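In: Fold the following and give me the result.
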Amino acid sequence: MNNDQCIGVVGSGNMGLAIAYRLFLNGFRVVLGSRFPSRRQGTKYEVGTIVECIRRSSIIFVAVHPENYQDCLVSCFNSEPSLFDGKILIDLSNQTSEKTNQQNDLSNAEQLQQAIPNAFVVKAFNTVSSFVMQSETAESNCPLELLKNCQNRNLAFVE
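Out: Sure thing, here's the model as predicted:
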């Protein structure tokens, strides 16, 4: 990662701030993308619009509820599809009781991959509490399994 590059976090709620905190503690430059950047000024991180965050980052943690994908991400894709070329989107969401589309068999990560096909979507951290991530005493060397979307659209575990 070069000096101009940051890791992006789209969403500045509990989970977004927890991920940003852990990345910051490990020496990464973090840029938060928010629908309301003025509300998050004064943090340890750079805060900007969602488009600014995506533009500056090749790895982006998606810390928004699935029902906000359209407003936060898909609208950016529709305006400027190349913005997402080759980006890695790490989906942190949990399934909500209300499905965001007609295809009830698709996970949130699969929905995101369908909506933004030129990005690589990875599923991670959805079973880890934001409060645990922010804890000073949380164990930092736990193995983590990721779920990635392969080219054939099947999901596979990665350690």
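In: Check what pLDDT S107 gets.
Out: Note on S107: pLDDT of 86.
In: What count of nearby residues applies to it?
Out: For S107, the count of nearby residues is 18 (other CB atoms under 10 Å). For the C-beta atoms, the positions are set from N, CA and C on the backbone; glycine is no exception.
In: Need phi/psi at V10.
Out: Taking degrees, to the nearest 10, you get phi -90, psi 120 for the backbone angles of V10.
In: show me where the protein has helices.
Out: 14-25, 50-56, 69, 75-79, 108-115, 130-134 (DSSP state H).
In: Of the ones you listed, flag the one that's most buried.
Out: With neighbours defined as mean count of other CB atoms under 10 Å, the helices of the chain peak in mean count at helix 69, which reaches a mean of 23.
In: Need the residues that contact that one.
Out: Under the contact criterion CB atoms under 8 Å, 6 or more residues apart in numbering, helix 69 has outside partners V62, T100, N108, Q111, L112, A115.
In: And for stretch 28-48?
Out: Contacts to stretch 28-48, defined as CB under 8 Å, 6+ apart, come from residues 1, 5-12, 16-17, 20-21, 23-24, 49-54, 56-57, 60, 71-72.
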